[in-house]
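*Asks:* Here is a sequence together with a model predicted from it:
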Amino acid sequence: MMIRKSLFAAAIFSLALMGCRKAEKQDSSEAVSQELAPAPVVYASNYPLYYFAYRIGGENIDLHFPAAGLADPSGWNPPADSVAAMQRADLILLNGASFEGWLMNVSLPDSVLVDTSSDFAVRLLPSGETFTHSHGEEGEHAHEGLAATTWLDLSLAGLQAQSVRDALARTRPAWKDMYEANYQVLASELKTLDDTFREAAEAGAGKSFAFSHPVYQYFQKAYALEGTSLHWEPDTPLDHDMLHEISHLKKDRDIQVMVWESTPLPESVQQLKDQGIKSIVVSPMGGMPESGDLLDGMRQNMESLRAALGQQP
């Protein structure tokens, strides 16, 4: 009887061992299968997201930025071939905060859409514009628009990069550790820049700014920069009305610095200088830069801000 029990127990142990080995072999096969899987196809709606995905995914993602030719991708209108390509993507990285106006006019799978600003929805800011539209029989409704350039607050940029990391990890779990390691390096660089911006702004507190366009809401709030938004184009000469407007702002609010999205006309710089207003460029960096990368551009923005505040590099 004891021999039979021993043989039975041995048989049970052997079957259990075979089952464990089979499960381990299956898990190992799945891991190998994931590692050998093709790189996920990823689309980004603006340059910051493209940059974050590139830094985190590296050569292990098939990355696309179809609006790369536009200085401001928020005005992109995707052609039919781009929509068809995005419908086959593994991930479509969206800025959210109303950046993708084109999204309402195309049909894309919800499962691949990643709104990178959804986790900090409570920190989104109004754009200052109001939109009216209808909901069937409910009639017209007015909604205040959202400011879209979230990444100009570098603490929010870090959260968007985190969202990119999480989305990539869900798509290829076997590469999670690699994505995490790359994200940590990027997050550290973003944090350092954010801290530097805050230190510079605090040291120069008290100056009043004018901004050529209402796209700096997050930048202003993050770094406590007081200012007024205008609707001026860098390549448009300042006319009588514009000079009249800025002279009143100078008188009423002691505007000392004009912040442009790109390099303004030399005559505009001189006309503002004649009124005691210094011109600087702080690029929103929404589109692909002609040279360098996102962090290079933000560092240049930092130097511009420091110069405006009379600080040494």
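*Replies:* Here it is on my side, so go on.
*Asks:* Just the helices from the stretch 51-200 of the chain, written as ranges.
*Replies:* When secondary structure is read from DSSP state H, counting those that start in this stretch, the stretch 51-200 of the chain shows helices at 80-87, 154-171, 176-203.
*Asks:* Can you spell out which helices and strands pack onto the last one?
*Replies:* If I follow you right, that is helix 176-203. Using 3 or more Cβ pairs under 8 Å, 6 or more residues apart in numbering; DSSP states H and E as the contact test, the elements touching helix 176-203 are helix 47-57, helix 154-171, helix 217-222, helix 294-308. For every residue, glycine as well, the C-beta is placed using N, CA and C.
*Asks:* Please identify the most buried of the ones you listed.
*Replies:* Comparing the helices and strands packed on helix 176-203 on average neighbours per residue, with mean count of other Cβ atoms under 10 Å, the densest one is helix 47-57 at a mean of 25.
*Asks:* Now do that helix against helix 176-203, angle only.
*Replies:* Regarding helix 47-57 and helix 176-203, their directions subtend 140 degrees when assessed with axes from the mean of the first three to the mean of the last three Cα atoms, to 10 degrees.
*Asks:* elements contacting helix 47-57?
*Replies:* Contact partners of helix 47-57 among helices and strands, from 3+ Cβ pairs under 8 Å, 6+ apart: strand 41-44, strand 62-64, strand 91-94, helix 154-171, helix 176-203, helix 294-308.
*Asks:* can you list contacts of it?
*Replies:* Under the contact criterion Cβ atoms under 8 Å, 6 or more residues apart in numbering, helix 47-57 has outside partners 39-40, 42, 44, 61, 63, 65, 68, 73, 93-95, 116, 151, 157, 160-161, 164-165, 168, 179, 182-183, 185-186, 285-289, 293-294.
*Asks:* And these, which of them are buried?
*Replies:* Burial of those was assessed by neighbour count (16 or more other Cβ atoms under 10 Å); the buried members are 39-40, 42, 44, 61, 63, 65, 73, 93-95, 116, 151, 157, 160-161, 164-165, 168, 179, 182-183, 186, 285-288, 293-294.
*Asks:* so Ser291, which of the three states?
*Replies:* When classified by DSSP: H, G, I helix; E, B strand; the rest coil, Ser291 comes out as coil.
*Asks:* how much space between it and Gly297?
*Replies:* Here Ser291 is placed at a distance of 9 Å from Gly297 (Cβ to Cβ, to the nearest Å).
*Asks:* Ala53 too?
*Replies:* The separation that Ala53 has from Gly297, given Cβ to Cβ, amounts to 17 Å.
*Asks:* same deal with Glu199?
*Replies:* As for Glu199, its distance to Gly297 is 19 Å (criterion: Cβ to Cβ).
*Asks:* Quick check: which ranges of the protein have low pLDDT?
*Replies:* The chain contains residues with pLDDT under 70 at 1-36, 129-144, 313.
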